[in-house]
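[1] Whatever this is, show me its structure:
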Amino acid sequence: MHVDHEQLYQPWGTVTPTFWGLEHETSPTRSEARIPQVLRGRLTEIAATAARGRLPDAAWMAYQLDTEVTGEYGPEHLNTVHIREVRAHLAYLAGDHATSLGWYLHTARLRATIQGPGHPDTEEATRRVYSLWRTVPDADAPALGAEVLGAVTDIHGPEAAVVRRTRKRLQALAASREARSIT
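    Sure thing, here's the model as predicted:
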């Protein structure tokens, strides 16, 4: 059995009250910590709804909030990014990895545009994308991996560590698929 010693990150990062916007974070790298109070209140409601197991309701609330936040701040604003990361997390909780991965890819690209590719939040976002992709069933992983590879290459360049790891994983998946087809 092959043991992969590469560090894995939870696909959703660390889900803390700060993730939901419920608590002020003091880290200077987390610029979205200054979420407006109105947005915090709505995120509190979404978190409570999700915690009660009402994920479709929480997803609908997040969709409505996303529409409002995007209308108020525009599509390239950290408040918009934050609510879309919440939507990605909710999709993950619902077991919809493809949708969750799509949202996380989208928010990683937005972070790269807003904050720059070398910003710690952007790097964390691409780690989340890669780690979430690692949890996708092998049957779906190659197609989704091609999307991941394209996004992380666009953000970090062709020789970045996350790009090399993604390529290596795609090659391993292809080799595994080939080995199964031979036997």
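[2] And the contacts of stretch 82-98?
    For stretch 82-98, contacts defined as C-beta atoms under 8 Å, 6 or more residues apart in numbering pick out 11-12, 15, 19-21, 32, 35, 39, 43, 46, 50, 55-56, 58-59, 62-63, 65-66, 69, 99-104, 106-107, 110, 125, 132, 135-137, 140, 144. Quick note: C-beta positions are derived from backbone N, CA and C, even for glycine.
[3] Which neighbouring elements make contact with the lengthiest helix in the chain?
    The longest helix of the chain (DSSP state H) is helix 161-182. Helix 161-182 sits against helix 120-135, helix 141-156, with contacts defined as 3 or more C-beta pairs under 8 Å, 6 or more residues apart in numbering; DSSP states H and E.
[4] got a list of contacts for it?
    Against helix 161-182 from outside (C-beta under 8 Å, 6+ apart): 6, 126-127, 130, 133-134, 138, 141-142, 145-146, 148-149, 152-153, 156-157.
[5] Run a quick neighbour tally on residue 49.
    19 (other C-beta atoms under 10 Å).
[6] Burial check on residue 88, number of neighbours?
    The number of residues packed near residue 88 is 28, by other C-beta under 10 Å.
[7] And the residue nearest the centre of the protein?
    Nearest residue to the geometric centre of the chain (C-alpha atoms, centre = their mean): residue 104, 3.0 Å.
[8] Before I go, just wanted to say thanks for your time.
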